[in-house]
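A.B. asks: output the structure for:
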Amino acid sequence: MRNRMISLRKKLADAIRERSNSTDFDFVADHRGMFSLLGLSNDAVEHLKAENGVYMTGDSRINVAGIPEDRVGDLAAAFLGASR
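C.D. replies: Okay, here's the model as predicted:
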């Protein structure tokens, strides 16, 4: 499970970097544990919930363990779309 978490974090950070050409979310790969705080605004969190069905706490804490490996790219694109 620990290796899966590390792999998911790296895949998510890589997918965001590929789509944004920015290292702003590289910190996700460095975090440990099941959760990660993304630092998105409340508006971005609400947009993700309403438009993409991505649920997280109001302070943008996500459950990394719940990310489907085959949808990491879709999630990265949703984060970037909501944070603009």
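A.B. asks: show me the strands in this structure, by range?
C.D. replies: Applying DSSP state E to the chain gives strands spanning 35-37, 61-63.
A.B. asks: list the contacts for the residue nearest to residue 39 when sequence neighbours are not counted?
C.D. replies: Closest residue to residue 39 apart from its sequence neighbours, by C-beta to C-beta, 6 or more residues apart in numbering: residue 60 at 6.1 Å. Bear in mind the C-beta positions are built from the backbone N, C-alpha and C, glycine included. Going by C-beta atoms under 8 Å, 6 or more residues apart in numbering, residue 60 touches 37, 38, 39, 40, 41, 44, 45.
A.B. asks: please redo it, this time with the cut-off set to 10 Å
C.D. replies: Counting by C-beta atoms under 10 Å, 6 or more residues apart in numbering, residue 60 touches 36-42, 44-45, 48, 79, 82-83.
A.B. asks: now the closest residue to residue 13 other than its chain neighbours: how far from residue 7?
C.D. replies: Ranked by C-beta to C-beta, 6+ apart and with sequence neighbours excluded, the top spatial neighbour of residue 13 is residue 29, at 3.9 Å. Going from residue 29 to residue 7 by C-beta to C-beta, to the nearest Å gives 10 Å.
A.B. asks: give me the number of residues near residue 43?
C.D. replies: 10 (other C-beta atoms under 10 Å).
A.B. asks: touching, it and residue 51? I think so.
C.D. replies: No. Using C-beta atoms under 10 Å, residue 43 makes no contact with residue 51, being 11.6 Å away.
A.B. asks: okay, and the common contacts of these two?
C.D. replies: With C-beta under 10 Å, 6+ apart as the test, residue 43 and residue 51 both reach residue 82.
A.B. asks: which residues of the protein fall in helices?
C.D. replies: 2-20, 27-30, 42-47, 72-82 (DSSP state H).
A.B. asks: do you know which of those helices lies nearest residue 55?
C.D. replies: With C-beta to C-beta as the criterion, residue 55 lies closest to helix 42-47 of those, at 9.0 Å.
A.B. asks: that'll do, ta.
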